[in-house]
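Q: with the sequence up front, the predicted model follows.
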Amino acid sequence: MTTIHNLCVAHRGASGLAPENTMAAFQKAMSFPFVQWMELDVQLSRDGVPVVIHDASLNRTTSGAGPVADFRTTQLSRLDAGSWFSKSFGGERVPLLEQVLDATIGRCRLNIELKTYNGIYPGMERKVVELLERKGLQHDSVITSFDHQALRTVRELSAEVRTGLITDLAPASLASDLQQLGASFLSIGFKRITPELMKEMRSRGIDVMAWTVNDTATMRRLAAIDPNLMICTNYPDRFAQLLQDGI
């Protein structure tokens, strides 16, 4: 039996066990001692405040409707972000990023995904970087995005805050693309993980996170490829089973 050393990243909190991107999901994830990282998503409210929600629209995960960007934080704070998942989570709210930072300081590191493209949220990068710096968390988090320009903007704003590219592709140019972006983190669909990819990224000092892995068989296979691979899952409880059983 081989001990598992891979880090578990709770995707949108423990989103298989509680409504995604809510304080309930983050608290549930942190109830597992081995969860040292959580992934979350950030949009920008109408009044320019980073809020934690995956979709650009409120429709799927809240009692509201319409674009997140059309609502001020005072309006967003009144929405129910839990009942869609289960009546027992009625009353959960859309958190501010600042609230999540305050709840996780000293306990859990964050992978903060900027849900932006083509500049739809002007100033988002600065708002998030300034929050991290004000909280002293510029070394305890990573800002990730599919959007290359957003990552370049973060790098221009701060030499300290780590950045990471999100992709579900693994072109031959991937390592050089990361280098050109000044990114030291790769968030990639788990089907793209190979021993060769991990070897190349490790040689370049790039941390790799595989998303989103929800069955223990796949977790076990990925863990056997490289103990440094971070495994992102909606179900930390299933990762716990992996830790108990080993590879």
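A: Now that the structure is in, tell me what you want to look at. Residues are numbered from 1 along each chain as shown.

Q: what residues are up against residue 73?
A: 45, 47, 49, 51, 96 (C-beta atoms under 8 Å, 6 or more residues apart in numbering). C-betas here are computed from N, CA, C, even on glycine.

Q: so where's this structure shaky on pLDDT?
A: In the prediction, the chain carries residues with pLDDT under 70 at positions 1.

Q: tell me where it has strands.
A: Taking DSSP state E, the strands of the chain run over residues 8-11, 35-44, 50-52, 109-114, 141-145, 162-167, 185-189, 207-211, 230-233.

Q: out of those, deepest packed?
A: When you average the neighbours per residue for each of those (mean count of other C-beta atoms under 10 Å), strand 8-11 leads with a mean of 28.

Q: can you name every helix or strand that that one contacts?
A: Under the contact definition 3 or more C-beta pairs under 8 Å, 6 or more residues apart in numbering; DSSP states H and E, strand 8-11 sits against helix 23-30, strand 35-44, strand 230-233, helix 236-245.

Q: pull up the pairing partners for the second one, direction included.
A: Based on DSSP bridges, the strands next to strand 35-44 in the sheet, each with its direction, are strand 8-11 (parallel), strand 50-52 (antiparallel), strand 109-114 (parallel).

Q: now distance to residue 143 too, for the helices and strands packed on strand 8-11, in a markdown table please.
A: Listed next are the helices and strands packed on strand 8-11 as a markdown table, based on distance: least, C-beta to C-beta, whole Å:
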| stretch | distance to residue 143 |
| --- | --- |
| helix 23-30 | 18 |
| strand 35-44 | 9 |
| strand 230-233 | 16 |
| helix 236-245 | 23 |
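
Q: any idea how far apart the tips of stretch 37-55 sit?
A: Using C-alpha to C-alpha, to the nearest Å, the end-to-end distance of stretch 37-55 comes to 21 Å.

Q: quick one: that stretch to chain centroid distance?
A: 11 Å (C-alpha atoms, centre = their mean, to the nearest Å).

Q: now do stretch 58-68
A: 20 Å.

Q: same thing with stretch 76-84?
A: Worked out by C-alpha atoms, centre = their mean, stretch 76-84 lies 21 Å from the chain centre.

Q: can you show me the helices along this structure?
A: Using DSSP state H, the helices of the chain run over residues 23-30, 73-76, 97-104, 124-135, 148-157, 174-181, 195-203, 216-225, 236-245.

Q: just these: most buried one?
A: helix 23-30 (a mean of 23).

Q: got a markdown table for the strands paired with strand 35-44, with distance to residue 244 too?
A: A markdown table is the format used below for these (distance: least, C-beta to C-beta, whole Å):
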| stretch | distance to residue 244 |
| --- | --- |
| strand 8-11 | 13 |
| strand 50-52 | 31 |
| strand 109-114 | 24 |
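
Q: between the ones you listed, which one is closest to residue 163.
A: strand 109-114 (9.7 Å; C-beta to C-beta).
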